[in-house]
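Novice: below are the sequence and a predicted model; questions follow.
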Amino acid sequence: MKFLTTPLAGLTLIETTRIEDERGQFSRVFCEAECAALRPGLHWAQINVSRTYHRGTVRGMHFQYPPAAEAKLIRCLRGRVFDIAVDLRADSPTFLRWHGVELDEDGKTQLFIPEGFAHGFQALSDDAQLLYLHSAAWNREKEGGLHHDDPAIAITWPLPVTQVSSRDQQLPSVKDTGFAGIQP
Ligand SMILES: Cc1cn([C@H]2C[C@H](O)[C@@H](COP(=O)(O)OP(=O)(O)O[C@H]3O[C@H](C)C(=O)[C@H](O)[C@H]3O)O2)c(=O)[nH]c1=O
């Protein structure tokens with residue numbers, strides 16, 4: 001595995017090592033020893049899969065407040081997505097900056113998102129499936145979210161947004177709430 005930095009400190013691209021033979025392919029999603037370079041002692045409390053039926057759909061922007069703040073490792077298992085993380089760390093010089101990366105079923109690139117970031121994605125294909133590793137369990141009471149079209153964040157979505165859950169449509173903007181960030 002190779003770890004590539006991004007303009008947002010801690011947000012890391014993981015380049016996987018693919019082993020191929022006549023039967024097909026094999027690659028690791030996570031390896032405690034290899035990933036110690038990324039963060040020693042990284043453990044996962046919950047592993048989820050999401051399947052998005054239609055190209056253009058957006059899920060997010062979601063995060064969890066401390067003490068349920070979570071790091072995430074995202075891998076695309078099918079199709080293609082534009083995966084986005086937004087820096088919500090109150091004392092970060094890149095507070096409210098976002099960074100996006102295209103992930104696809106080839107799985108050559110994964111995204112590691114530290115605590116203190118919001119996460120969301122747009123499906124760039126029909127039937128886009130993501131694998132999520134979460135360092136903290138889902139906690140409905142500690143869930144937070146920001147609107148995917150928040151002008152304070154100004155995410156450039158690659159495609160016209162075609163579908164958003166009713167919950168995500170009602171997520172607040174930074175301006176609405178005076179959101180000042182979180183201390184992960
Ligand atoms: C995360 C989660 C959700 N749920 C329930 C709650 C809802 O009834 C249903 C779908 O949840 P939600 O609408 O939050 O799913 P997404 O919109 O795909 O959100 C997810 O995708 C965005 C982009 C993320 O980064 C979040 O980690 C994750 O919440 O599953 C559970 O039962 N367990 C869980 O761990």
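Specialist: Okay, I see it.
Novice: tally of neighbours for Thr177?
Specialist: Thr177 has 11 neighbours, counted by other C-beta atoms under 10 Å. Yep, even glycine has a C-beta here, placed from its N, CA and C like the rest.
Novice: look at it and report its pLDDT.
Specialist: pLDDT, Thr177: 92.
Novice: and it, how close does it get to Asp150?
Specialist: The gap separating Thr177 from Asp150 is 10 Å, by C-beta to C-beta, to the nearest Å.
Novice: so what touches stretch 57-65?
Specialist: 50, 52, 69-70, 84, 86, 88, 116-123, 136, 138-139, 142-148, 150, 153, 155, 157, 161-165, 168, 171, 182 (C-beta atoms under 8 Å, 6 or more residues apart in numbering).
Novice: close to the ligand, is it?
Specialist: Yes. With C-beta under 6 Å from any ligand atom as the measure, stretch 57-65 is seen reaching the ligand through Arg59, Gly60, His62.
Novice: average pLDDT across that stretch?
Specialist: What stretch 57-65 shows for mean pLDDT is 97.
Novice: swap in stretch 43-53?
Specialist: pLDDT averaged over stretch 43-53 gives 97.
Novice: can you tell me, leaving aside adjacent residues, what's nearest to the residue in the chain that the ligand sits nearest to?
Specialist: Of all residues in the chain, the one sitting closest to the ligand is Trp138 (3.0 Å; C-beta to the nearest ligand atom). Among residues not flanking Trp138 along the chain, Gln46 sits closest, at 6.3 Å (C-beta to C-beta, 6 or more residues apart in numbering).
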